[in-house]
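**Q** Starting from these lines, generate the structure:
(2 chains)
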There are 2 protein chains.
Amino acid sequence: MVASQGPEAADESAGPSVASYDDPVYRAAVVDLLGAVGYGEISAFERLTADGRMAPTLEDKVALQGMASAQYLKIRPIVERLAEHGVDPFAVMEPFREAFDSFHAHTAPADWWESLVKAYVGDGLANDFYREIAGFLDDRTKELVLSTLEDTGRSEFVVERVRRGIELEPRIGGRLALWGRRLMGEAFTEAQHVAAEREALAELLGGGRVEGLDLTTVADMFTRITHRHVERMGRLGLEH
Amino acid sequence: MVASQGPEAADESAGPSVASYDDPVYRAAVVDLLGAVGYGEISAFERLTADGRMAPTLEDKVALQGMASAQYLKIRPIVERLAEHGVDPFAVMEPFREAFDSFHAHTAPADWWESLVKAYVGDGLANDFYREIAGFLDDRTKELVLSTLEDTGRSEFVVERVRRGIELEPRIGGRLALWGRRLMGEAFTEAQHVAAEREALAELLGGGRVEGLDLTTVADMFTRITHRHVERMGRLGLEH
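**A** Purely as a prediction, here's the structure:
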């Protein structure tokens, strides 16, 4: 049922050595991580389709439906891998509902512009976080996590729409810059809640369970994620 | 731009003879029909994803997201064909927004069960209607319309869930039977509005523009659609 990978299977040249599925804490952390990614995808689908209702044109609405459908294709492999780990995929996602739903409840877009920026910035933050973590995972899990990060054309669409919007109506730029800052604050807050509540995940992240991953590394990680967030805001034509 | 198909291309053995793209009224009717089908798919996607929020379990929610994604795949070919006809695909969908949106506004499901029955019954009615009309269309349009009718596993899911629901809680059966009747009434009302407002479509349906299609044929068509609706309710375990 569970793919067995001893420490000897880890690629020593690939950076920090990874823990093994034989370690129950590592396994629990992998299941938790996939549960979080899975529920994140499900709630991203829901958010994109709900935001589609605010679309100013039918064409924009259909574009968002297309993005949501692309999002859906990423859910199935996560569900299948979790089943392979011998757990109920939807049960292991449950503990993450509160954090994601709370993030979305605190960042309900007031209009089409806010929903576009949220789609772009929210996904960007999540992707950066998963990409950072991926390096500390066994190859199979890493590959799966990275496969969920593929950009499905969403970025281009959002950047084009937001830049054009600001051009036509420059005053929305200031509001959206503040909005981006709030999104990042809420995302970090919820991430901290998750880390505080999920012991296995927290131990993976900060407990020295994986060589090379400790609290300083985590702090550096958040610095890098913040830096990329600022770059992303710049691409939208927004100051951070 | 427009595929030209003279009357000589019609397959005489395939039932009533079809009109040709050379006939501007027929062409307008085809564009209208594709516009209606297209907007119908877009609003079905929106309805399925909105209903997914009522899903009692994450698994049901993901099942509905999968159905919506399958639905999305049907939108693209309609949009492409309309563009091929030299029209703005989203502009020709606009006139049908009111009827579809009004149908959905008048039939907002009060709970998960009503939304399941609506997905099944609403799609069934629309599919029956398109299947009836398809026989009177040129082959290329017919093929496209029929391709949008493919069942993507939705029926099986809904039938299984509703039958199990009634088994566990028999009293919901009576309420859902009434609900099905209301759905049909609202659908027929909106269909009549559309026929009254869209001259080309109405002429195609009742004006003798296509041989074999007149008001008696239309009445027979609605009788058949009603009959199939009753059968569908029966499969859900509901009396009509």
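**Q** In this structure A:Glu41 contacts A:Arg76, no?
**A** No - if you go by Cβ atoms under 8 Å, A:Glu41 and A:Arg76 don't touch, sitting 9.6 Å apart. Backbone N, C-alpha and C define where each C-beta goes, glycine included.
**Q** So these two - more neighbours on which side?
**A** Of the pair A:Glu41 and A:Arg76, A:Glu41 is the one with more neighbours under other Cβ atoms under 10 Å in any protein chain shown, namely 24 against 14.
**Q** Next, the contact list for that one, please.
**A** The neighbourhood of A:Glu41, defined by Cβ atoms under 8 Å, 6 or more residues apart in numbering or on different chains, consists of A:Gln71, A:Tyr72, A:Lys74, A:Ile75, A:Ile78, A:Thr148.
**Q** What distance do you get for it to A:His106?
**A** Going from A:Glu41 to A:His106 by Cβ to Cβ, to the nearest Å gives 20 Å.
**Q** Can you name the next helix or strand after the longest helix along chain A?
**A** Ranked by residue count, the top helix of chain A under DSSP state H comes out as helix A:24-52. Using DSSP states H and E, the helix or strand that directly follows helix A:24-52 along the chain is helix A:58-84.
**Q** Now do the same contact list for the closest residue to A:Thr49 other than its chain neighbours.
**A** In this structure, A:Thr49 finds its nearest non-sequential neighbour in B:Thr49, 3.7 Å apart by Cβ to Cβ, 6 or more residues apart in numbering or on different chains. If a contact means Cβ under 8 Å, 6+ apart, then B:Thr49 has A:Phe45, A:Glu46, A:Thr49, A:Ala50, A:Ala68, B:Leu64, B:Gln65, B:Ala68 as its contacts.
**Q** Quick check: the gap between B:Thr49 and B:Tyr72.
**A** Distance, B:Thr49 to B:Tyr72, using Cβ to Cβ: 10 Å.
**Q** Give the residues shared as contacts by those two.
**A** Common neighbours of B:Thr49 and B:Tyr72 (criterion: Cβ under 8 Å, 6+ apart): A:Ala68.
**Q** re earlier: widest-spaced pair of the contacts of B:Thr49?
**A** The largest separation in those, counting by Cβ to Cβ, is between A:Ala50 and B:Leu64 at 13.5 Å.
**Q** ok, these two, which is more surrounded?
**A** Of the pair A:Ala50 and B:Leu64, B:Leu64 is the one with more neighbours under other Cβ under 10 Å, namely 25 against 19.
**Q** Could you tell me which residues of chain A lie near chain B?
**A** A:39, A:42, A:45-46, A:49-50, A:52-53, A:57-59, A:61-62, A:65-66, A:68-69, A:72-73, A:75-76, A:79, A:90, A:93-94, A:97 (Cβ under 8 Å from any Cβ of the partner chain).
**Q** change it to 6 Å
**A** A:Phe45, A:Thr49, A:Leu58, A:Glu59, A:Gln65, A:Ser69, A:Tyr72, A:Phe90, A:Met93 (Cβ under 6 Å from any Cβ of the partner chain).
**Q** from those, which would you call buried?
**A** Buried members of the residues of chain A next to chain B, counted by 16 or more other Cβ atoms under 10 Å in any protein chain shown: A:Phe45, A:Thr49, A:Leu58, A:Gln65, A:Ser69, A:Tyr72, A:Phe90, A:Met93.
**Q** my guess is the last one contacts A:Val37, does it?
**A** Right, the one you point to is A:Met93. No - contact between A:Met93 and A:Val37 fails when scored by Cβ atoms under 6 Å: they sit 9.2 Å apart.
**Q** that older thread, export the contacts of B:Thr49 as TSV, with columns for distance to A:Arg224.
**A** Listed next are these as TSV, based on distance: Cβ to Cβ, whole Å:
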residue	distance to A:Arg224
A:Phe45	27
A:Glu46	29
A:Thr49	31
A:Ala50	31
A:Ala68	29
B:Leu64	37
B:Gln65	32
B:Ala68	35
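**Q** Relative to B:Tyr120, which of these is nearest.
**A** For the contacts of B:Thr49, the nearest to B:Tyr120 is B:Leu64 (12.2 Å; Cβ to Cβ).
**Q** check contacts around the closest one.
**A** B:Leu48, B:Gly52 (Cβ atoms under 6 Å, 6 or more residues apart in numbering or on different chains).
**Q** redo that, cut-off 8 Å
**A** Counting by Cβ under 8 Å, 6+ apart, the residues that B:Leu64 touches are B:Leu48, B:Thr49, B:Asp51, B:Gly52, B:Ala55.
**Q** Kindly indicate whether the residue nearest to the spatial centre of chain A is helix, strand or coil.
**A** Nearest to the mean C-alpha position of chain A, by Cα atoms, centre = their mean, lies A:Ala126 at 2.3 Å. A:Ala126 falls in the helix class when you classify it by DSSP: H, G, I helix; E, B strand; the rest coil.
**Q** Tell me, what's the model's pLDDT at the closest residue to it other than its chain neighbours?
**A** Distances taken as Cβ to Cβ, 6+ apart place A:Gly40 nearest to A:Ala126, at 5.9 Å, with adjacent residues excluded. Looking at A:Gly40, its pLDDT is 91.
**Q** now A:Ser17
**A** Note on A:Ser17: pLDDT of 51.
**Q** ditto for the one 3 residues further on
**A** Per-residue confidence for A:Ser20 comes out at a pLDDT of 75.
**Q** Tell me which stretches of chain A form helices.
**A** A:24-52, A:58-84, A:89-93, A:97-106, A:112-134, A:139-147, A:154-168, A:172-197, A:199-206, A:215-235.
**Q** residue ranges with poor pLDDT in chain A?
**A** A:1-19, A:152-153, A:204-215, A:240 (pLDDT under 70).
**Q** Tell me how many other residues surround the residue nearest to A:Phe103 when sequence neighbours are not counted.
**A** Once flanking residues are discounted, A:Phe103 sits nearest to A:Glu190: 4.5 Å by Cβ to Cβ, 6+ apart. As a burial measure, A:Glu190 scores 20 neighbours (other Cβ under 10 Å).
**Q** neighbours around the closest residue to A:Thr107 other than its chain neighbours, how many?
**A** Counting by Cβ to Cβ, 6+ apart, A:Glu186 is the residue found nearest to A:Thr107 once chain neighbours are left out, at 5.3 Å. Burial of A:Glu186 is recorded as 18 neighbouring residues (other Cβ under 10 Å).
**Q** which residues does A:Glu186 contact?
**A** Counted by Cβ under 8 Å, 6+ apart, A:Glu186 has contacts A:Phe103, A:His106, A:Thr107.
**Q** I figured A:Val194 was touching A:Ser102, is that so?
**A** No - using Cβ under 8 Å, A:Val194 is not in contact with A:Ser102, being 10.4 Å away.
**Q** ok, A:Tyr72 to B:Ala55 distance?
**A** 14 Å.
**Q** that older thread, could the contacts of A:Glu186 be laid out in CSV, adding distance to A:Gly86 and neighbour count?
**A** Formatted as CSV, these follow (distance: Cβ to Cβ, whole Å; neighbours: other Cβ atoms under 10 Å in any protein chain shown):
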residue, distance to A:Gly86, neighbour count
A:Phe103, 29, 21
A:His106, 35, 14
A:Thr107, 35, 20
